[in-house]
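Engineer: Attaching a predicted model along with its sequence, questions to come.
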Amino acid sequence: MTLFRRYFGPDASLLTPAWLCVFAGVALTLLGAYCIDVASQLEAPGSIAQLSTRAFKHLLFMGVGLVAALGIALPDYRRWRIFAWPILGGCILLLLLLLVPFVPSWLVSPRNGVRGWIDFGPVDLQPSELTKLAFVLCAAEYLRVRQNHRTMLGLIPPAILAAVPTGLIFLQPDLGTAMLFVPVLFAMLLAAGARTKHLLIVCVLAALAAPAAWPVLRPYQRQRIIDVYRDFSGSPRAGSPTAEQPQTARMLLGAGEAWGLSDSRSRAVVRASRLPERHNDMIFAVYSARFGFVGGLAMLALYALWLAGALLTGARTRDGFGRLVCVGVATFIFCQVAINLGMVVGVLPVIGITLPFVSYGGSSLLSVWLMTGLVFAIGLRKPPPFSSPAFQFED
């Protein structure tokens, strides 16, 4: 304990609910590596060395993520307030770099029509993933000592803070990631004591203005929304170029039934299905084919465990910055899981959202492990004695 407190500070304690996030994150990442291997090769590997290239890289990314999580947890988390705005500024510059048309193709090249990655040789960086964490840090730093967000006009600065990364990511175009920032901001405003009636008014105005965004959407984005509407209305999707992926995903979901298929059979079924992006956005369909409905519930339980660890950590601390960070990262994870599962089961349009910890992608995995490390850093530090709870207002 002496060595532990020398590195983490005299007020550090290992008794923290943040361990739930670490346990759930490791379990989900290992499940992700296995499912990526199922989606990538027909024969089961006899050892780690025989894993598919993507599955092996996923494990390597996990190792990098764990090291990064430890690195962000070592210093007192309150020191990150100093770097919050410079980090967000750097992320904004990277997002702008993606949109510059004369950037050489060896540095930025579109993938599936999206300019979302910077090629650094052996490693690709997706700035939008790191922007999530930067946004949470800046929003928490801004809201922790203010009360103007309890007025209608006071909601404008936080809205601008969210609008900048949202707009730049939308222009890539990455509609899925861009949509995540608004619910995260709302959750952090609620945790910071914003008035519910003001937020409800904003929601109503946004709903009324939503149809105005229809002309801005790309044709394939509009078609995916139409596909979901046709499903709910009972109209056929035949002939729609965007219908194949969600329909194939639902076929794999049903193939797993209650308890799932064997390893060899699930690999054959997944390979025969030719599901696009089965190692990435649609990884839950592969998982369900292998482990079935019961396995799907087990995965949801792991995500619930991660969310419980983050929210309990936030409730335990009296520091406003730490509490808002926990709420922000928990909302990001919750929204990603909800939207990704909604895409796979067909109740939401396919908008390119990864399943946290499970989907293949180095930037995505690094981002969620940095979030886990930040929650762990907050959980390690005990609340200062005699400190008053954060965001307690007279009304």
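Structural biologist: Perfect, I can see it now. Numbering: from 1, shown residues only.
Engineer: Can you name the next helix or strand after whichever strand or helix holds Leu200?
Structural biologist: Using DSSP states H and E, Leu200 maps to helix 196-209. Sequence order places helix 219-233 as the next helix or strand after helix 196-209, per DSSP H and E.
Engineer: where's Cys24 relative to Thr166, distance?
Structural biologist: Just so we're on the same page, residue 24 is Ala rather than Cys. For Ala24, the distance to Thr166 equals 28 Å [Cβ to Cβ, to the nearest Å]. The C-beta positions use only the backbone N, C-alpha and C, and glycine is treated the same way.
Engineer: cool, Leu99 as well?
Structural biologist: 14 Å.
Engineer: so where is the stretch 201-350 of the chain shaky, pLDDT-wise?
Structural biologist: 233-242 (pLDDT under 70).
Engineer: quick one: which of Leu99 and Thr166 has more around it?
Structural biologist: Neighbour comparison, Leu99 and Thr166: the larger count goes to Thr166, with 20 against 13 (by other Cβ atoms under 10 Å).
Engineer: to the chain's geometric centre, what's the distance from the helix holding Leu200?
Structural biologist: Mean-position distance between helix 196-209 and its chain equals 24 Å (Cα atoms, centre = their mean, to the nearest Å).
Engineer: Mind giving me the packing neighbours of that helix?
Structural biologist: Helices and strands touching helix 196-209, by 3 or more Cβ pairs under 8 Å, 6 or more residues apart in numbering; DSSP states H and E, are helix 181-191.
Engineer: and the angle for the helix it packs on with helix 196-209?
Structural biologist: 160 degrees (axes from the mean of the first three to the mean of the last three Cα atoms, to 10 degrees).
Engineer: For helix 181-191, give the mean pLDDT please.
Structural biologist: Averaged across helix 181-191, the pLDDT comes to 94.
Engineer: from now on call the first residue 50
Structural biologist: All set: I'll call the first residue 50, so the last point we hit is now helix 230-240.
Engineer: Report the distance from the longest helix along the chain to the chain centre.
Structural biologist: Longest helix in the chain by number of residues (criterion: DSSP state H): helix 332-365. Averaging C-alpha positions (Cα atoms, centre = their mean) puts helix 332-365 13 Å from its chain's average.
Engineer: Packing partners of that helix?
Structural biologist: Using 3+ Cβ pairs under 8 Å, 6+ apart, helix 332-365 sits against helix 68-89, helix 293-304, helix 312-322, helix 369-394, helix 411-429.
Engineer: Tell me which of these is the most buried.
Structural biologist: Comparing the helices and strands packed on helix 332-365 by mean neighbour count (mean count of other Cβ atoms under 10 Å), helix 411-429 comes out on top with a mean of 25.
Engineer: name the element Tyr191 belongs to?
Structural biologist: Here Tyr191 sits within helix 176-192, counting by DSSP H and E.
Engineer: Now do that helix: which elements does it pack against?
Structural biologist: helix 129-148, helix 205-219, helix 224-227, helix 230-240, helix 369-394, helix 411-429.
Engineer: please redo it, this time with the cut-off set to 7 Å
Structural biologist: When contacts are defined as 3 or more Cβ pairs under 7 Å, 6 or more residues apart in numbering; DSSP states H and E, helix 176-192 packs onto helix 129-148, helix 205-219, helix 230-240, helix 369-394, helix 411-429.
Engineer: Throw those helices into JSON lines and include distance to Ile274, thanks.
Structural biologist: Shown next, in JSON lines, are the helices and strands packed on helix 176-192 (distance: least, Cβ to Cβ, whole Å):
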{"stretch": "helix 129-148", "distance to Ile274": "24"}
{"stretch": "helix 205-219", "distance to Ile274": "15"}
{"stretch": "helix 230-240", "distance to Ile274": "17"}
{"stretch": "helix 369-394", "distance to Ile274": "12"}
{"stretch": "helix 411-429", "distance to Ile274": "24"}
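Engineer: nearest to Gly120, of those helices?
Structural biologist: helix 411-429 (7.2 Å; Cβ to Cβ).
Engineer: quick one on the thing from earlier: what's the model's confidence in the helix holding Tyr191, averaged?
Structural biologist: Helix 176-192 shows an average pLDDT of 94 in the prediction.
Engineer: ok, and for that helix, which residues are buried?
Structural biologist: Neighbour counts using 16 or more other Cβ atoms under 10 Å place 176-192 of helix 176-192 among the buried residues.
Engineer: Residues contacting that helix, please?
Structural biologist: For helix 176-192, contacts defined as Cβ atoms under 7 Å, 6 or more residues apart in numbering pick out 129-130, 133-134, 136-137, 140, 143-144, 147, 165, 167, 198, 207, 210-211, 214, 218, 223, 226, 230, 233-234, 237, 241, 370, 373-374, 377-378, 381, 412-413, 416, 419-420.
Engineer: how far out from the middle of the chain is it?
Structural biologist: Put simply, helix 176-192 sits 13 Å off its chain's centre (Cα atoms, centre = their mean).
Engineer: got it, and stretch 391-403?
Structural biologist: Computed by Cα atoms, centre = their mean, the chain-centroid distance of stretch 391-403 equals 14 Å.
Engineer: List of residues touching it?
Structural biologist: 223-225, 273-274, 276-277, 280, 291, 294-295, 298-299, 302, 329-331, 333-334, 385, 388-389, 410, 413.
Engineer: got the end-to-end distance for that stretch?
Structural biologist: By Cα to Cα, to the nearest Å, the extent of stretch 391-403 from end to end equals 12 Å.
Engineer: what do you get for stretch 185-203?
Structural biologist: Using Cα to Cα, the two ends of stretch 185-203 sit 18 Å apart.
Engineer: repeat for stretch 393-409
Structural biologist: Start-to-end span of stretch 393-409 (Cα to Cα) is 16 Å.
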